[in-house]
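Asker: Below is the structure, and that's it, no one-letter string:
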């Protein structure tokens, strides 16, 4: 990381934040958004974000204005569509005359965008030749949690910031949705709701289904819950998760399917849940941000980098020779995911049983943690597994 520069050296009348998505990444960056507002309370802060994901951040009270980008054109369109959207964004952002931009992406293309917009102070991550388009650079560390890495973009200015927790903000309508949901499914006050997030592995940029714990493990886990007590299962999933949700519903049709709901409505439901078990995907980030006891399963991706380091988050991970293999959006071809398959239902269920016996359904919210501190949450691991 570059030597700290006095905050007075940072022009701060108009700040642009570039963070398109995905949902989990936006939640990981939420503590950074909060810290920018705390350090620059009088500054007008704008956020360039994917048009598809605008509903997931639009209630953030620390952002003054959201600028939606056409993510279909940028990530799915041909070269003409991409160039047309880039030119549109450059023309729009140049008119705004921002003083400073924070680029919360690792890809060099966003550094170039900030440069083309003529923004004098451009702060981002020092990776490859894209660093040449930045005026201030922070060297990333693959084993540092992304939440801390984002905060380093402020620490370079001498700002004293600590990671405390992530946030997911609900609109008034989303807040009221929980009451509607409870009435619709006739839930009693004492009835316990268990959330499972068996999907994920897809976003607008890539597909990585090796991040999914096998669906038959989730089916077995549901059977354990239903035998253990009067639990109701809600499947926190998206429209693309049909291949994993359908087998579950065929075996247990009483499970509640949320694929048609918005992210905000799913977040609202999570507040009623005793706990959530899921893959490395958006729902686990939503769950930890809402202070729900969360149990996540990791394999190709690095839990130290992406997992939320809070006490109410337990991470299951089995180290094998090739894991974790995902790095800065790249991952090798893989015909199986032995790293995730090595995690058994028995060990997950044993951990969950201990949690379910506790009288208090939720862990307390973390107050503070020192920058760069190792996980205060739980890591359930085992000796290396040989493929």
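Answerer: Nice, I can see it. Not measured: the values here are computed from a predicted model. Numbering: from 1, shown residues only.

Asker: counting residues per helix, which one in this protein is longest?
Answerer: With DSSP state H applied, the helix covering the greatest number of residues in the chain is identified as helix 79-96.

Asker: Sketch out the low-pLDDT regions of the stretch 101-250 of the chain for me.
Answerer: Confidence mapping of the stretch 101-250 of the chain against pLDDT under 70 gives the ranges 201-207, 209.

Asker: what about the strands in it?
Answerer: Counting by DSSP state E, counting those that start in this stretch, the segments of the stretch 101-250 of the chain that form strands are 121-125, 136-138, 192-197, 231-235.

Asker: Could you give the average pLDDT over the helix or strand harbouring residue 353?
Answerer: Secondary structure here is read from DSSP states H and E; on that basis residue 353 sits in helix 345-356. Mean per-residue pLDDT for helix 345-356: 95.

Asker: repeat for stretch 86-100
Answerer: Taken as a whole, stretch 86-100 has a mean pLDDT of 96.

Asker: Return the set of buried residues in it.
Answerer: Of the residues in stretch 86-100, those with enough neighbours to count as buried (16 or more other C-beta atoms under 10 Å) are 86, 89-90, 93, 98-100. In short, each C-beta sits where N, CA and C put it, glycine included.

Asker: Run the chain-centre distance for it.
Answerer: Taking the mean of its C-alpha atoms, stretch 86-100 sits 27 Å from the chain's own mean (C-alpha atoms, centre = their mean, to the nearest Å).

Asker: Stretch 119-126 too?
Answerer: When C-alpha coordinates are averaged (C-alpha atoms, centre = their mean), stretch 119-126 and its chain have centres 23 Å apart.

Asker: what comes into contact with it?
Answerer: Stretch 119-126 is touched from outside by 10-11, 16, 93, 98-106, 110-111, 114-115, 131, 133-140, 149, 153, 156, with contacts defined as C-beta atoms under 8 Å, 6 or more residues apart in numbering.

Asker: again with stretch 342-361
Answerer: 192, 213, 217, 220-221, 224, 228-229, 274-275, 277, 293, 295, 297, 299, 314, 316-318, 320, 380, 382, 385.

Asker: outside of the helix or strand harbouring residue 55, which residues touch it?
Answerer: Applying DSSP H and E as the criterion places residue 55 in helix 54-57. With contact meaning C-beta under 8 Å, 6+ apart, helix 54-57 is reached by 23, 26, 47, 49, 63, 66, 68, 168-169, 262-264.

Asker: Could I get the buried residue list for it?
Answerer: For helix 54-57, the neighbour count (16+ other C-beta under 10 Å) marks 54, 56-57 as buried.

Asker: One more: stretch 129-145?
Answerer: Within stretch 129-145, judged by 16+ other C-beta under 10 Å, the buried ones are 130, 133-134, 136-138, 140, 145.

Asker: got the residues you listed as TSV, with distance to residue 43 columns?
Answerer: Written out in TSV, the entries for the buried residues of stretch 129-145 read as follows (distance: C-beta to C-beta, whole Å):
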residue	distance to residue 43
130	26
133	23
134	20
136	17
137	22
138	20
140	25
145	26
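
Asker: Identify the farthest-apart pair in those residues.
Answerer: In terms of C-beta to C-beta, the buried residues of stretch 129-145 reach their longest pairwise distance at 133 and 145, which sit 25.5 Å apart.
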